[in-house]
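Novice: The following comprises the amino acid sequence and a computationally predicted model.
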Amino acid sequence: MNPRSARANRRILIVDDTASIHEDFRKILEADANGVQSLDSIEETLFGTAPAVRQTFLLDSAYQGQEALELVTKALAADTPYALVFIDMRMPPGWDGLETIEQLWAVDPHLQIALCTAYSDYSFEAIEARLKYDDQLLILKKPFDNLEIRQMASALTWKWQLAQDAALKLMGLERTVEERVQELLKVSHLLQYDALTELPNSTLLGDRLTQAIAVCRRHDTQLAVMFIGLDRFKRINNALGHPVGDEVLKQVSQSLVTTVRESDSVFRYGSDEFVLILNDVHHPQQTQHIAEKVLKAVSHTRYVAGHDLSVTASLGISIYPNDSFSAVELIKKAETAMHAAKDHGPNDFNFFIDDMNLRAQEQQSLETGIRLALQRNEFVLHYQPKLDLNTGRIVGAEALIRWHQPGHGWVYPSAFIPVAEDSGLIVPLSQWVLGQACEQAQAWQAAGLTPICISVNISAIDFRQRDFVANLATILERTRLTPGLLELEITESVLMQNVEDTLTTLRAIKTMGVRLAVDDFGTGYSSLSYLRRFPIDVLKIDQSFVRGLSKNPQDAQLISAIISLGKSLDLNIIAEGVETVEQLDFLKALQCEEGQGFLFSKAVAADEFAQLIQAGRRTLMPNP
């Protein structure tokens, strides 16, 4: 016996109006039924042969077609279906064999049928034409042979089982394929659509824009690409957290979708950047009105997490075919125009012009130059003295980076620092400044000069690096500079971003013994409560207030208030940008402790600064 047959469904239904036929089937298909010896058992008795392993069939009987239908229906309901039905052709007074088969297959189309007949009631062609599943039907002529019945029962029940197994496997395969298709669709969606805003992303942008260009080329029409960058959006993330920022982005994306036409497309391009494709543009100036609508929609005040928030955007526009025939170039030029708009101020837009390409190339050239300058040690530090306003003695210095580019001369910090910040190069640049300043301060001490405190400006990007404190500790350990001789200048606006994280970082720095100064104080949004929490040592009055003393009485009042505030908190006060004697006299009258500016000295090279702090050097204070 095939070992697989042990798990086959062997349930068989006999449908015949003659009781003796039922008995014959049981004798043939049930071993030793009713105590009657089978040929196999007689052979075992006479010759001592091992008993044959016979297949076991489970038989049920029905004497009319209607009764058979009842049994088949009940078997299906009990989840114990029949595999095979032997049906007599003639069963008066009820249905004949063909009608019975039709009724049974209507309920259970998987049944295997053996039609038993001694007459030619129907031709095979007629039977084939009438019955639906002719591949599940065999015709058995009466009288039939026992072996024929057993072979047919074995083959057809096994065929039923194989068909069921195949159907289950097919269902499993279909389910697997469906799950795989859904998974691929999900992956495809994630690759092409932004999870936060549900807008198509930059991956899909290139394909859609290429298609739109092809349509414009075919119909000789124009399209516009708008590149939108939110202004200073990082402030929202830093001040209120990313969940609030994410909600603002979602609302902005919805505003963009509702502002443009249905024929236009909106994409999320970057963290705080979006791109619009405007189809069927009749003339370039048509986009000016749309740009104004878009900027107005973005700047709409939004209520998010208990805050009334208003963001603005800068927008750049490129036109097909005026600016380019390429999708990539159109996006690039729209982005260039957007950055040009940002340079002029927030909440504005610009059309691309060729001069912008030149500026973009200059920016890229600067970025490449900064990378090479770091490798070639082209950067140097200059040091601007800080004076005690009472004694005129140099008590510190601010380290300021300078770049002398071979073949180009001196490059102003105002030209390369913004590029370094945009490209992320500000981090290695800041690390270099910090290490170089500490090494120089230690070198001056080794040369026998009076120890002074060195101040280093720390950028927002550098301050937010996870390893900033660890890197600072490494630099102090490497240079062996006394931590108290290093002062980190951090702008007020940086300190007010993510206040709790800021406080943790400041405390870690303070634990090392490093001094902390709030740079550009008065230009941000700090309050007395925050200043009391921050472990700071110095308030540095922003130079814009000092320079405005002679022009704006409010600057004088503000400086007076800052000095009073600092003294109440026992902080050291230093004014930067001191350029006139009048400014100096005003600051001294308010008992401002320290100052720096061109009135005393510009930032000078390390060897020149060493000469300024040599013993016996005259004061840098102007003559009275």
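Specialist: Happy to help now that I have it.
Novice: Any stretches of the stretch 351-500 of the chain with poor pLDDT?
Specialist: For the stretch 351-500 of the chain, applying pLDDT under 70 flags the ranges 355-361.
Novice: On the three-state scheme, the residue positioned nearest the centre of the chain is what?
Specialist: Most central in the chain under Cα atoms, centre = their mean is Ala195, positioned 6.7 Å from the mean C-alpha point. Secondary structure state of Ala195, per DSSP: H, G, I helix; E, B strand; the rest coil, is coil.
Novice: Check Ala575 too.
Specialist: Going by three-state DSSP, the secondary structure assigned to Ala575 is strand.
Novice: Count the neighbours of it for me.
Specialist: Per other Cβ atoms under 10 Å, the neighbour tally for Ala575 reads 28. Yep, even glycine has a C-beta here, placed from its N, CA and C like the rest.
Novice: again with the one 3 residues further on
Specialist: Residue crowding around Val578 was assessed by other Cβ under 10 Å; the count is 26.
Novice: same check, this time on Glu292
Specialist: Neighbour tally, Glu292, other Cβ under 10 Å: 12.
Novice: Assumed Gly94 was part of a helix.
Specialist: No - per three-state DSSP, Gly94 lies outside any helix segment and is coil.
Novice: excluding its backbone neighbours, what's nearest it?
Specialist: Leaving aside its sequence neighbours, Gly94 sits nearest to Gln64 (Cβ to Cβ, 6 or more residues apart in numbering; 4.1 Å).
Novice: I figured that neighbour hits Asp17, correct?
Specialist: Yes - between Gln64 and Asp17 a contact is recorded at 6.6 Å, counting by Cβ atoms under 8 Å.
Novice: Give me the common contacts of those two.
Specialist: Both Gln64 and Asp17 are contacted by 91, 94, under the criterion Cβ atoms under 8 Å, 6 or more residues apart in numbering.
Novice: Next secondary structure after the lowest-mean-pLDDT helix or strand in the chain?
Specialist: The weakest-scoring helix or strand in the chain, judged by mean pLDDT, DSSP states H and E, is helix 39-47 (a mean of 57). Downstream of helix 39-47, the next assigned helix or strand under DSSP states H and E is strand 58-62.
Novice: In the chain, where's the longest strand?
Specialist: Once the chain is assigned using DSSP state E, the strand that runs over the most residues is strand 394-405.
Novice: about what we covered before: how much space separates the residue nearest to the centre of the chain from Glu179?
Specialist: As judged by Cβ to Cβ, to the nearest Å, Ala195 and Glu179 stand 21 Å apart.
Novice: do the same with Thr491
Specialist: Counting by Cβ to Cβ, the separation of Thr491 from Glu179 is 53 Å.
Novice: where exactly do the helices run in the stretch 401-550 of the chain?
Specialist: Per DSSP state H, counting those that start in this stretch, the stretch 401-550 of the chain carries helices over the ranges 413-423, 426-446, 460-463, 468-479, 492-495, 499-512, 528-533, 543-547.
Novice: Point out the most buried one among those helices.
Specialist: Counting by mean count of other Cβ atoms under 10 Å, helix 492-495 has the highest mean neighbour count of the helices of the stretch 401-550 of the chain, with a mean of 21.
Novice: helices and strands around that helix, which ones?
Specialist: Under the contact definition 3 or more Cβ pairs under 8 Å, 6 or more residues apart in numbering; DSSP states H and E, helix 492-495 sits against helix 460-463, helix 499-512, strand 515-521.
Novice: partners of the last one, with directions?
Specialist: Each strand paired with strand 515-521, and its direction, by DSSP bridges: strand 486-491 (parallel), strand 538-541 (parallel).
Novice: Just the CA atoms of the first one, as CSV, please.
Specialist: The C-alpha atoms that make up strand 486-491 are tabulated as CSV, following Å, rounded to 0.1, in the frame of the first residue of the first chain:
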residue,chain,number,x,y,z
LEU,A,486,38.9,78.1,28.4
GLU,A,487,35.7,80.0,27.8
LEU,A,488,33.0,78.8,25.4
GLU,A,489,30.8,81.5,23.8
ILE,A,490,27.3,80.3,23.0
THR,A,491,24.7,82.6,21.5
